[in-house]
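[1] Here is my input, please return the structure:
(one chain, ligands or ions: 1)
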Amino acid sequence: MSARILVVEDEQRIASMLQRGLIYEGYRVEVAGDGPTGLALARDNPPDIVILDWMLPGMDGLEVCRRLRAGGPVPILMLTAKDAVADRVQGLDAGADDYLIKPFSFNELLARLRALLRRAAPASAEVLRFADLSLDTGTHQAFRGERAIELTAKEYELLELFLRHPRQVLTREVIYDRVWDYDFGGESNIIEVYVRYLRQKTESTGEPRLIHTVRGVGYVLREE
Ligand code: CA
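    Numbering: from 1, shown residues only. Reported below is the predicted structural model:
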């Protein structure tokens, strides 16, 4: 079954270009011209991935992103004309998994979609454990002890990488390569941003830190 893509984009020209191109590539595509319509479509028939424009009339893309994220772990690729790092971080905070700056090439869009879909694809499920941290690779549900932790698609990828390599120092290059398998346009703080998210989520009720910084090298999952 081909992947279902929900496109939320108010610019008619871009929306129809995406729809035509993605259908040609074999995807099933639904298009919404505004946030509330997009959210309703996503709720009625959950897509495999969402392409979400940042600048939307009424409810902006960030708010749509937050609400989509609250509804489940669907990968979200944001389209934005904004290229300031602060804006990107704001989008990541809202739960977007990836970005594409307008104008973008369609081939670049396809590459990013494939990467996000590949990561979201169900593999044979197992539960990875380290200390009191566990991660179910089937449901993508994480737990710290009994406490459930909600993860975005990218946070899941990063945490899974750590859990598959406990006590092993992962260099920034390895993390880039495994979690972001394309050039992220030179934005070098993306790993720090995601490590911060994972720390916030895994330490939110005062649990001891498990993801440690190895200065000048990378990160390691270990107990104090
Ligand atoms: Ca727009």
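
[2] alpha carbons only for contacts and neighbour counts from here, please
    Will do.

[3] what secondary structure does residue 31 sit in?
    strand (DSSP: H, G, I helix; E, B strand; the rest coil).

[4] contacting residues for it?
    Residues in contact with residue 31, defined by Cα atoms under 8 Å, 6 or more residues apart in numbering, are 6, 7, 8, 9, 15, 19, 38.

[5] In terms of residue numbering, what are the domains of the protein?
    4-120, 127-221 (automatic domain parsing).

[6] The longest one near the ion anywhere?
    Yes: between domain 4-120 and the ion, judged by Cα under 5 Å from the ion, the touching residues are 55, 56.

[7] Find the residue at the geometric middle of the protein.
    Centroid-nearest residue in the chain: residue 97, 2.3 Å away (criterion: Cα atoms, centre = their mean).

[8] looking at this structure, which helix or strand is least sure?
    Within the chain, no helix or strand scores below helix 85-93, which has a mean of 73 by mean pLDDT, DSSP states H and E.

[9] which of the residues in that one are buried?
    Of the residues in helix 85-93, 88, 89, 91, 92, 93 count as buried by neighbour count, 16 or more other Cα atoms under 10 Å.

[10] Skip ahead from that helix and say which helix or strand is next.
    Remark: after helix 85-93, the chain's next helix or strand is strand 98-101, criterion DSSP states H and E.

[11] quick check: longest helix of this structure.
    Counting by DSSP state H, the longest helix found in the chain is helix 106-120.

[12] what ranges do the strands span in the chain?
    Applying DSSP state E to the chain gives strands spanning 4-8, 28-32, 49-53, 76-80, 98-101, 127-130, 133-136, 142-144, 147-149, 170-171, 211-214, 218-221.

[13] got the ones you listed as CSV, with mean pLDDT columns?
    Shown next, in CSV, are the strands of the chain (pLDDT from 0 to 100):
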stretch, mean pLDDT
strand 4-8, 97
strand 28-32, 97
strand 49-53, 96
strand 76-80, 91
strand 98-101, 86
strand 127-130, 94
strand 133-136, 95
strand 142-144, 96
strand 147-149, 95
strand 170-171, 92
strand 211-214, 97
strand 218-221, 96
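
[14] where does whichever residue of the chain sits closest to the ion fall, phi/psi-wise?
    Of all residues in the chain, residue 55 sits closest to the ion, at 4.2 Å by Cα to the ion. For residue 55, the backbone dihedrals (degrees, to the nearest 10) come out as phi -90, psi 100.

[15] quick one: contacts for it?
    Residues 61, 80 are the ones in contact with residue 55 under the rule Cα under 8 Å, 6+ apart.

[16] buried residues in stretch 204-222?
    Buried positions in stretch 204-222, judged by neighbour count with 16+ other Cα under 10 Å: 210, 211, 212, 218, 219, 220, 221, 222.

[17] So which of the residues you listed is the closest to residue 32?
    residue 211 (39.4 Å; Cα to Cα).

[18] Give me the distance between the nearest residue to that closest one once chain neighbours are set aside and residue 167.
    Leaving aside its sequence neighbours, residue 211 sits nearest to residue 221 (Cα to Cα, 6 or more residues apart in numbering; 4.6 Å). From residue 221 over to residue 167 the distance is 5 Å, taken as Cα to Cα, to the nearest Å.
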